[in-house]
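Engineer: what shape does this take:
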Amino acid sequence: MGYIVAAVIIFFWVSSCLNVLREYERAVVFRLGRVLAIDKGPGLILVYWPIDKIVRVSLRVVAWDIPPQDVITRDNVSVKVNAVVYFRVLSAQKAILELENYRYAIEQLAQTTLRSVLGEVELDDLLSQREKLNARLQTILDEQTEAWGIKVTKVEIKQVDLPQEMQRAMARQAEAERERRAKIINADGEFQASEKLSEAASILAREPVTITLRYLQTLAEIGTEKNTTIVFPIPVELLTALMGKTVAAAKPVEEQK
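Structural biologist: The predicted structure is shown next:
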C-alpha cells in the first residue's frame, strides 16, 4: 500500500513538473528566487516544483491602440490624436527582470512620447508628414525600450480630430487657394491668347491676301447646313473708301462752325 501511495505522489509531482510551451512562448525560470541563465522553451520542459517558478512570456507582436490624446501643436492648435503601437519581446529575461509590467510601461511611454513629439510640430506638418512623424516616434520608443529587451517595430498615427472651427477655417483656406489657382490659370490663358493674337496680327499685316482667305473661311463656317443666317459680303476696300469720304465731308462742316 505504501508503494502505491508513493507511486501516486511521484506521478502527480512529475505531472506538475512537466510544462508545455507553444512555439511563440518562452519561460523565465526562477530557482529558489534566482533566475536561470537560459530561458526554456518551446515544447516540453521540466521544472522542479516547488523550488522552480516559471513566468511565461509571449514573443509575438503585440498591437496596442493608444487612446486619443489631447495635443497642443506648435502653432497652438488643440487636437485629439490616437495611434497604434506594434512591439514584441526580444529578451524574455530583461522584460521580466527590468520591469514590473512591461506592457503597462510600453503603454505609458507611448502616450507620453506621442504628446511630446506632436507638440513640437505644427498642424500642417501633423496632417501632411505623418510618415516622418511615425518614423520619429518609432525611433524614440525603440531607443528607450531597447534596454528592456523589447523591440518597437512600428508606430502609426491613426486619426487626428480637429475642432469644428478649425475645420471650417481650413475649408475656407482651401477654397481660397482653389480660387487663386483658377485666377492664375485664367490669366495665364489670356496672356498666351494675346501673344498668339499678336503673332496672327503681324502675319496678316505682312500678307493682306490672308485677310480675304480668312473672310472666305468665316463665310463657309456661317453657311453650314440648316442655317438661316443671311450674309451680305461687302469688300473692305469699299468700306474704307466710304469712311474716307465721310471724314472728308465732315471737316468743312466743322470749319464753318
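Engineer: A strand includes I38, no?
Structural biologist: No. Counting by DSSP: H, G, I helix; E, B strand; the rest coil, I38 falls outside a strand, being coil.
Engineer: I'd like the numbering to begin with 47 instead of 1 from here.
Structural biologist: In the new numbering, first residue 47, that becomes I84.
Engineer: contact partners for it?
Structural biologist: If you count contacts by Cβ atoms under 8 Å, 6 or more residues apart in numbering, I84 has none. C-beta coordinates here come from the backbone N, C-alpha and C atoms, glycine included.
Engineer: just L90 next, same as before
Structural biologist: 64-66.
Engineer: where does pLDDT dip in the stretch 197-303 of the chain?
Structural biologist: Counting by pLDDT under 70, the stretch 197-303 of the chain shows low-confidence ranges at 213, 254, 257, 261, 268-303.
Engineer: can you give me the helices in it?
Structural biologist: Ranges of helices in the stretch 197-303 of the chain, per DSSP state H, counting those that start in this stretch, are 210-252, 255-268, 282-302.
Engineer: could you list the buried residues of the second one?
Structural biologist: I take that to be helix 255-268. Within helix 255-268, no residue counts as buried by 16 or more other Cβ atoms under 10 Å.
Engineer: so how far is that helix from its chain's centroid?
Structural biologist: Centre-to-centre, helix 255-268 and its host chain are 56 Å apart (Cα atoms, centre = their mean, to the nearest Å).
Engineer: and it with helix 210-252, angle?
Structural biologist: Computed by axes from the mean of the first three to the mean of the last three Cα atoms, to 10 degrees, the angle separating helix 255-268 from helix 210-252 equals 120 degrees.
Engineer: on that earlier part again, which among the contacts of L90 end up buried?
Structural biologist: Judged by 16+ other Cβ under 10 Å, buried ones among the contacts of L90: N65.
Engineer: which of the contacts of L90 sits closest to I196?
Structural biologist: Distances from I196 to these, taken as Cβ to Cβ, are shortest for N65 (23.9 Å).
Engineer: quickly list the domain ranges of this structure.
Structural biologist: 48-104, 108-208 (automatic domain parsing).
Engineer: can you give me the strands for the stretch 47-196 of the chain?
Structural biologist: All strands of the stretch 47-196 of the chain, identified by DSSP state E, counting those that start in this stretch, fall at 64-67, 71-77, 80-81, 89-92, 98-104, 108-118, 124-135, 196-207.
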